[in-house]
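1. build me a model:
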Amino acid sequence: MLDNHTVTYPIVARAESMPAPEHISLNKVKKSKDGMDLEVDFLASLTGDGLLKSGVVQPNVPGFGAFEILCDEGTSIGGADAAPAPLSYLAAGIGFCLLTHIHGLAKFRKLSISSIKLEQKMKFQSRIPGMTAVEGAEMHGLSKGIETLIIIESGEEAAKIASLIDASEQACMALQTVVNAIPAATTIFNNGQQI
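-> From the prediction side, this is the model:
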């Protein structure tokens, strides 16, 4: 599996199907007059003594497959640096989602665009006693913002490109997840019992 901090199998691979979860339900996508209510289901676990994790992820939208992905942490905090870190997936997901919306909306609006690139920086602060802060400090994680640069080559008017990006940002569910407060709930199961 791991040899000298190198994963000897794919970090991302198509899964045959989404495994059956123990506690959550896998719901079908719902359409209404307000739009489509969809879910992305994710099941994960630690794979051993280190910080390597394995999971299967799948949107509940027809035509979207399940993928097994690996995730690790850097060596400075006890990982083997064998796969992207969780925050790397978060940043990549936001950037990729935004590019999808820009491309799709540009095609819908029939805009003449020859190139779309994205450069993005997400900023965080971590305070983990003994790892990223002095012993005795309280544990704390904080998002400090996201900077995105969209680099477009086009013969279109600047106002049309600005409108395209604004609409794409509003449509990008991944970006909206981090720029707007969203409800979050955690339920804990210990030895099969909810606590």
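2. could you measure from Leu51 over to Gly130?
-> 15 Å (C-beta to C-beta, to the nearest Å). The way it works is simple: take the backbone N, C-alpha and C, and place the C-beta from them, glycine included.
3. looking at these two, which is more packed in?
-> Neighbours per residue (other C-beta atoms under 10 Å) separate Leu51 from Gly130, with Leu51 holding more: 21 against 9.
4. and the more buried one, helix, strand or coil?
-> coil (DSSP: H, G, I helix; E, B strand; the rest coil).
5. before we move on, what about Leu99?
-> Applying three-state DSSP: Leu99 is helix.
6. what's the closest non-adjacent residue to it?
-> Closest residue to Leu99 apart from its sequence neighbours, by C-beta to C-beta, 6 or more residues apart in numbering: Leu118 at 5.6 Å.
7. give me every residue that touches that neighbour.
-> 95, 98-99, 148-151 (C-beta atoms under 8 Å, 6 or more residues apart in numbering).
8. need the helices for this protein, in chain order.
-> All helices of the chain, identified by DSSP state H, fall at 86-108, 158-171, 173-179.
9. that older thread, report the beta-bridge partners for the residue nearest to Leu99.
-> Ile150 (DSSP bridges).
10. cool, Asp37 as well?
-> Beta-bridge partners, per DSSP bridges, of Asp37: Lys30.
11. which ones are touching it?
-> 29-31.
12. so which of these comes closest to Lys144?
-> Val29 (34.0 Å; C-beta to C-beta).
13. dump the contacts of Asp37 into TSV; add neighbour count as well.
-> Shown next, in TSV, are these (neighbours: other C-beta atoms under 10 Å):
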residue	neighbour count
Val29	13
Lys30	11
Lys31	9
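14. which stretches of the chain have low pLDDT?
-> 1-7, 131-133, 136 (pLDDT under 70).
15. again, 50 this time
-> 1-4 (pLDDT under 50).
16. quick one: Gly141 from Val178, how far?
-> Noted for Gly141: a distance of 13 Å to Val178, by C-beta to C-beta.
17. the two: who's more crowded?
-> More neighbours surround Val178 than the other of Gly141 and Val178, with 15 against 11 (other C-beta under 10 Å).
18. and for the closest residue to Ala106 other than its chain neighbours, the neighbour number?
-> Spatial nearest neighbour of Ala106, chain neighbours left out: Ile113 (5.2 Å); criterion: C-beta to C-beta, 6+ apart. By other C-beta under 10 Å, the residues close to Ile113 number 18.
19. repeat that for Ile94.
-> By the criterion of other C-beta under 10 Å, Ile94 has 23 neighbours.
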